[in-house]
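K.L.:
what follows is a predicted structure for the sequence shown.
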Amino acid sequence: MKKNILPAIALIFLTVNVCTSQSLQQEAAAAKAAAAKVLGSGSKSSAPLSNDEVVKGLKDALTVGTNNSTAAASKVDGYYKNPKVFIPFPKEAKDVKDKADALGMKPQTDKFVMTLNRAAEEAAKNAAPVFIDAVKGMSIGDGFTILKGANNAATQYLKDKTTAELRQKFTPIVKAALDKVEITKYWNPIITKYNKIPFVQKQNPDLTAYVTEKAMEGLFILIADEELKIRKDPAAQVTDLLKKVFGSVMK
């Protein structure tokens, strides 16, 4: 009887040891797999972004975007031949254009419209430093909000925070540009002739204000396009930090 019991007890212990060993092996394998998964995912992504990197990356993005945008806008036909930012005859003075065209002055009105766009192109040459100064005050909170925001979040931030200051700075630039392209030479004959028509409501829009608003509006459109490219197109992420901020976090 004892002889039969001993082998049985040994078999039980052996079975327990085997089971325990298998269990431990399974647990070890599971832990190893979990660790490999964590380590693997960590190896595919960069270290977490610091606050400074986020803000610096967004400032870099806005710097690149505004530089590209102002360069595109300030070249000849940058506004005039770009449907997205083309500046038309002032809407409030549409009746002026219609009457002037009817009086045989269409070449003058067309030239006037081209001159409006030339003034905006001239003003855009001075815009980049204004935008660059405007992004310097971006806070850490602003940075993370923009990073997680819509595809135009940085542009919208820039627009919300700087429009009033930009308008103030742009106005003398635009006025000087209008003087440089001799806007009054093309506008005065049109408005003078129009205002001589009996019973018409006299018109004389503030051309400096009009071109200032349209020039700024056009630049923000172009900046938004640049921001979208930087967020989505690796080729537009021209610095290592941009690649890290947008190439990793935004995907």
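P.N.:
Perfect, thanks for sending it.
K.L.:
tell me where the model's unsure across the stretch 1-150 of the chain.
P.N.:
Low-confidence segments of the stretch 1-150 of the chain (pLDDT under 70): 1-47.
K.L.:
which element, helix or strand, includes Gln168?
P.N.:
helix 153-180 (DSSP states H and E).
K.L.:
gap between the two ends of stretch 88-101?
P.N.:
Distance across stretch 88-101, first residue to last, is 15 Å (C-alpha to C-alpha, to the nearest Å).
K.L.:
next up, phi/psi of Asp110, please.
P.N.:
phi -60, psi -40 (degrees, to the nearest 10).
K.L.:
what is the distance between the helix holding Gln168 and the centre of its chain?
P.N.:
16 Å (C-alpha atoms, centre = their mean, to the nearest Å).
K.L.:
in it, what's buried?
P.N.:
In terms of neighbour count (16 or more other C-beta atoms under 10 Å), helix 153-180 has its buried residues at 153-159, 162-163, 166, 169-171, 173-175, 177-178. To be clear about C-beta, it is placed using only N, CA and C from the backbone, and glycine gets the same treatment.
K.L.:
report the angle between the helix or strand harbouring Val54 and helix 153-180.
P.N.:
For Val54, the element it lies in under DSSP H and E is helix 51-74. Calculated by axes from the mean of the first three to the mean of the last three C-alpha atoms, to 10 degrees, helix 51-74 forms an angle of 30 degrees with helix 153-180.
K.L.:
tell me how far helix 51-74 lies from the chain's centre.
P.N.:
8 Å.
K.L.:
cool, stretch 80-93 as well?
P.N.:
With C-alpha atoms, centre = their mean, you get 22 Å for stretch 80-93.
K.L.:
need the residues that contact that stretch.
P.N.:
72-73, 78-79, 96-97, 109, 112-114, 116-118, 120-121, 203, 205, 207, 210-211, 214-215, 217-219, 221-222, 225 (C-beta atoms under 8 Å, 6 or more residues apart in numbering).
K.L.:
re earlier: helix or strand next in line after the helix holding Gln168, which one?
P.N.:
helix 183-195.
K.L.:
off-centre distance for that next one?
P.N.:
Counting by C-alpha atoms, centre = their mean, helix 183-195 comes out at 38 Å from the chain centroid.
K.L.:
what are the buried residues along that helix?
P.N.:
Quick answer for helix 183-195 (16+ other C-beta under 10 Å): 183, 186-187, 190-191, 193-194.
K.L.:
what helices and strands are in contact with it?
P.N.:
helix 94-102, helix 106-124 (3 or more C-beta pairs under 8 Å, 6 or more residues apart in numbering; DSSP states H and E).
K.L.:
turn the ones you listed into TSV, columns for distance to Asp133.
P.N.:
Shown next, in TSV, are those (distance: least, C-beta to C-beta, whole Å):
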stretch	distance to Asp133
helix 94-102	36
helix 106-124	16
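K.L.:
among these, which is nearest Val130?
P.N.:
For Val130, the closest of these is helix 106-124, at 10.1 Å, according to C-beta to C-beta.
K.L.:
what's the closest one in contact with?
P.N.:
70, 73-80, 85-89, 97, 100-101, 170, 173-174, 177-178, 180-183, 186-187, 189-190, 207, 210-212, 214-215, 218-219.
K.L.:
give me the angle between that helix and helix 183-195.
P.N.:
Using the same axes, to 10 degrees: helix 106-124 against helix 183-195 is 140 degrees.
K.L.:
what average pLDDT does the helix holding Gln168 get?
P.N.:
What helix 153-180 shows for mean pLDDT is 87.
K.L.:
one more: stretch 216-223?
P.N.:
94.
K.L.:
now that stretch, how far from the centre of its chain.
P.N.:
9 Å.
K.L.:
buried residues, the helix or strand encompassing Ile221. List them.
P.N.:
Per DSSP H and E, Ile221 falls inside helix 207-232. Within helix 207-232, the residues that count as buried by 16+ other C-beta under 10 Å are 207-208, 210-216, 218-231.
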